[in-house]
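A.B. asks: Turn this into a structure:
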Amino acid sequence: NTASANGKIVLSFNEQVQAGTGEIEFNGSAIEPIFGSSTASFEYKGLEYNTSYTFTVPAGAITDRAGNPFEGVTLNFTTMNRPQPIARVFDAVVAADKTGDYESVQAAIDAAPKNRTTPYLIFIKNGSYEEQVVIPSDKPNIHLIGQDKEKTNIHLKINVQSEPQEGSQWYQNDTAAWKYSVHNPESPTYQMEGTVVRINSNDFFSENISFINDWGVERQNGPQSLAMMTKGDRITFHNCKFRSYQDTWMTPGNTGYRHYVKGCYIEGAVDYVYGAGDCLFEDCTLYNVRSGSVITAPEHEKGTQWGYVFDHCTIDGNEASNDGKNKLGRPWHNNPICVWLNTTMKVGIAPEGWSEMGGIPALFAEYNSMDIDGNPVDLNNRRTFYTGTDEGMEEGGECKAELSADEAARYTYENIVSGNDNWNPRSLIEAIGIPQNVTISENVLSWEAVPYAICYVILRNNEVIGFTTETSYTDAASKDNDEYCIQAVNEAGSLGEKSENVNKGTSAVDKSEKSSFNVTVSNGKIHLSGLSSGEKITVFSLNGAIIYDTVTIENSCFINLSVRGVYLIKAGNEIKKVIL
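C.D. replies: Numbering: from 1, shown residues only. I've put the predicted structure just below:
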């Protein structure tokens, strides 16, 4: 149980070797060797903790230079346990109601250290933060964690229509971006780049925050009014909202810069995700606010490997957008790439799917697109020819509109985001347990320790009142009818689910004693029994991603999963671990 989650298997021989015939497999998937003078090495990355894996080289898959086959080998190993992080609370707390360290998000950013190599954790309490936020390039590893994405709002009315004049209410800071010092709600405000938030640094992470450009949302019109501009590499957003109308989010222009966007909501009408970079959007909602909305406008340079990838996302919208005229994207410049995989289209997409804009896409394509009822979307009329107006593209060009199953299978999380540095943004949002057996006696709250938690958030009547690394907390202001709950925090600052509410007359029931169900594995199937009819069943990977969910109609059910591994199964309020 000592193997790392990222590593290499090296087979050493007493002579030079080469590829033979037969498929070498790592945990059921094909893996390609890298041959040295007398070695064959196999790199792997992003494995689950405390999980068994199998590596198989069949006879003949490796030979010597004369063609004599290696007899083959099978290796079995188990990865290390998830490491327990060092306990600590958030580095800074932002609260509009003056109960934190800072009243504005920018003030907390300004006070953050430069050139940080470990996460700097900033907690933002629920509130309205009407400001522009700029994170400079010399402040990497900033983690902004909101309390609740519906109630933690960073917003501003701002666009690119004009520049401020010297001596006005504006000033220019050292990031070469304009921002205002006094907001006048009676007149529109402007900013040279028109963005509410600009991330210039690498290794940024945010969770549970709404980023809103008030100009776009209120006016439902242009010009460009960005809610977000991201310029760095290794950027992660989880459970966030981005709202505007035109150009809601500009992604980085640098080739090879990576974004991972999980479970987010992005709203707009005109090119509302645009720019470049290798950006993976998983389980996100793209919300269209007018007829004929255009979701993306990429401008990837030659050499971009993956571009924009939307996997298991939902395209939704208001009533005006549900007229079958929306477009998946248009080629802004250069060699754009945009791929939609396993997409559910709740509002109609135009039959041609894509618009022209001057560039010739390197790849604009779909795989397994579905309508709201889960039926396949007809892709026969999708656009495959684009008329170019960019220099060198005047004659136009062809672009396939649909991927094969084999082509779609290449678009894995590991391929898109890992890079040469084995970046694993899913580790930032790794699931963490719910505090159990929460009780309050007199003014003292107590609960059981949650594995892998660095600290706990204490909420009274849904308001955050404190943080602690201990498993108890004293609230001297406690009243008899106050309701309390606890949230555990993982190493990146990501929040776990809230515990049950308790007050001085009650205590939370230990979830491990509630509605127990049984789990057995047979012939590659998971069998659940002891369930209640109508009970919701959810299967998670160890990193918290939802793999499968259903609602039972009997007291037992079978679950078929195609990939072996370790999973968490939740039935009602109970979670169990199963190895398939």
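
A.B. asks: State the pLDDT value of the residue nearest to His333 when sequence neighbours are not counted.
C.D. replies: Counting by CB to CB, 6 or more residues apart in numbering, the nearest residue to His333 once its immediate chain neighbours are dropped is Glu299, at 4.0 Å. Yep, even glycine has a C-beta here, placed from its N, CA and C like the rest. Here, the pLDDT recorded for Glu299 equals 95.

A.B. asks: Pretty sure Glu299 sits against Pro336.
C.D. replies: Yes - here Glu299 reaches Pro336: they are 6.0 Å apart, a contact under CB atoms under 8 Å.

A.B. asks: which neighbours do the two share?
C.D. replies: Common neighbours of Glu299 and Pro336 (criterion: CB atoms under 8 Å, 6 or more residues apart in numbering): Gly359.

A.B. asks: between these two, who's got more neighbours?
C.D. replies: Pro336 (30 against 19; other CB atoms under 10 Å).

A.B. asks: Check the gap between that one and Ser404 for me.
C.D. replies: Pro336 is 21 Å from Ser404, where distance means CB to CB, to the nearest Å.

A.B. asks: got it, and Ile416?
C.D. replies: Per CB to CB, Ile416 is found 18 Å from Ser404.

A.B. asks: Neighbour count for those two, which is higher?
C.D. replies: Using other CB under 10 Å, the more surrounded residue of Ile416 and Ser404 is Ile416, with 22 against 10.

A.B. asks: What residue spans form the domains of the protein?
C.D. replies: Under automatic domain parsing, the residue ranges defining each domain of the chain are 7-78, 251-419, 430-509, 514-579.

A.B. asks: Can you tell me which of the ones you listed is nearest to His143?
C.D. replies: With CB to CB as the criterion, His143 lies closest to domain 430-509 of the domains of the chain, at 4.6 Å.

A.B. asks: just how off-centre is the closest one within its chain?
C.D. replies: 26 Å (CA atoms, centre = their mean, to the nearest Å).

A.B. asks: what's the residue lying closest to Gly317 once chain neighbours are set aside in contact with, if anything?
C.D. replies: Excluding the flanking residues, the one nearest Gly317 by CB to CB, 6+ apart is Asn288, at 3.4 Å. Asn288 is in contact with Gly268, Ala269, Ile295, Ile315, Asp316, Gly317, Asn318, Ser321, Asn326, Val347, counting by CB under 8 Å, 6+ apart.

A.B. asks: Now the buried members of these.
C.D. replies: Buried by 16 or more other CB atoms under 10 Å: Gly268, Ala269, Ile295, Ile315, Asp316, Gly317, Ser321, Asn326, Val347, out of the contacts of Asn288.

A.B. asks: what about the helix or strand in which the fourth one is found, average pLDDT?
C.D. replies: So the one you mean is Ile315. For Ile315, the host element (DSSP states H and E) is strand 314-317. Strand 314-317 shows a mean pLDDT of 97.

A.B. asks: and that strand, what does it pack onto?
C.D. replies: For strand 314-317, the helices and strands in contact under the criterion 3 or more CB pairs under 8 Å, 6 or more residues apart in numbering; DSSP states H and E are strand 285-288, strand 344-345.

A.B. asks: switch to 10 Å and redo it
C.D. replies: Strand 314-317 sits against strand 265-268, strand 285-288, strand 344-345, with contacts defined as 3 or more CB pairs under 10 Å, 6 or more residues apart in numbering; DSSP states H and E.

A.B. asks: what would the ones you listed look like in a markdown table with distance to Asn153?
C.D. replies: Listed next are the helices and strands packed on strand 314-317 as a markdown table, based on distance: least, CB to CB, whole Å:
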| stretch | distance to Asn153 |
| --- | --- |
| strand 265-268 | 13 |
| strand 285-288 | 17 |
| strand 344-345 | 27 |
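
A.B. asks: Comparing these, which yields the minimum mean pLDDT?
C.D. replies: Across the helices and strands packed on strand 314-317, strand 344-345 has the smallest mean pLDDT, namely a mean of 94.

A.B. asks: How far does that strand sit from its chain's centre?
C.D. replies: 19 Å.

A.B. asks: And for stretch 196-216?
C.D. replies: Per CA atoms, centre = their mean, the centroid offset for stretch 196-216 relative to its chain is 14 Å.

A.B. asks: So for it, first residue to last residue, what's the gap.
C.D. replies: Length of stretch 196-216, first residue to last, CA to CA, to the nearest Å: 11 Å.

A.B. asks: cool, and stretch 17-25?
C.D. replies: End to end - CA to CA - stretch 17-25 spans 18 Å.
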